[in-house]
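Novice: Need the 3D shape of this:
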Amino acid sequence: MLFLELFTSFFRIGILSFGGGYASLPLIEQQIINNRGWMTAQEFIDVLTISEMTPGAISINAATFVGTHMAGIPGALVATFGVVLPSLIIVLLLAMLYFKFQDIEMVQGVIQGLRPAVVALIATAGVTIFLTALFGSAEMPLNFANINFISLALIIGCLILFRTTKMGPVKVMLLSGLIGMVVYTI
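Specialist: Numbering: from 1, shown residues only. Modelled structure (predicted):
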């Protein structure tokens, strides 16, 4: 039964994840935390952190980690297959249709109209992750007494590094992890 739940949950995520990996984060959060209760918000943020650090699409990495957490390697395979299968089918169909009808103005209008929705999905995921990192939860109303100033300092430091240096994401994440390890073990 668990394997079927893993497959259907991640198939649902895969079929509704328009806009790429980051746009799928609210869907993954809804399935993993709210609907299934497989992880806490903090565990989910940890999975996202590891998923971001490893090569590959974040939704596939998250499916693999959640599947492993729930049912070991077989669970990882089932969850990963569930999240990939809809994309495989949809991309094959859309590629055939797009190349056949790409010059039609209405097709271009649909693509232009989808862009703002994708930006909103990504922003929603970003806000949820930001609030959870700072307050331990994204639930409203926020309790400003619970703000994590170390996380705030790390977020600001990483933003400055990304915007002012040519330091890559892997180096910034490793540096942030190293600082976190030092600060939180002291």
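
Novice: Please count neighbours and contacts with C-alpha atoms only from this point.
Specialist: OK.

Novice: What's the separation between S176 and V182?
Specialist: If you measure S176 against V182 using Cα to Cα, to the nearest Å, the figure is 10 Å.

Novice: Compare neighbour counts for the two and give me the winner.
Specialist: A direct count of neighbours by other Cα atoms under 10 Å for S176 and V182 places S176 higher, at 17 against 10.

Novice: Now do the contacts for the more buried one.
Specialist: Contact partners of S176, counting by Cα atoms under 8 Å, 6 or more residues apart in numbering, are 154, 158.

Novice: per-residue pLDDT, it?
Specialist: The predicted local confidence for S176 comes out at a pLDDT of 93.

Novice: now the one 5 residues further on
Specialist: According to the per-residue confidence, M181 scores 92 in pLDDT.

Novice: tell me which element it is part of?
Specialist: For M181, the enclosing helix or strand under DSSP states H and E is helix 169-185.

Novice: May I have that helix as CSV, with CA atoms only?
Specialist: Listed next in CSV are the C-alpha coordinates belonging to helix 169-185 (Å, rounded to 0.1, in the frame of the first residue of the first chain):
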residue,chain,number,x,y,z
PRO,A,169,26.1,27.9,-5.8
VAL,A,170,28.0,24.8,-4.6
LYS,A,171,30.8,26.8,-3.0
VAL,A,172,28.3,29.2,-1.4
MET,A,173,26.3,26.3,0.0
LEU,A,174,29.4,24.5,1.2
LEU,A,175,30.6,27.7,2.9
SER,A,176,27.2,28.3,4.5
GLY,A,177,27.0,24.6,5.7
LEU,A,178,30.5,24.9,7.2
ILE,A,179,29.6,28.2,9.0
GLY,A,180,26.4,26.5,10.2
MET,A,181,28.3,23.5,11.4
VAL,A,182,30.7,25.7,13.4
VAL,A,183,28.1,28.1,14.8
TYR,A,184,25.5,25.4,15.8
THR,A,185,28.1,23.1,17.4
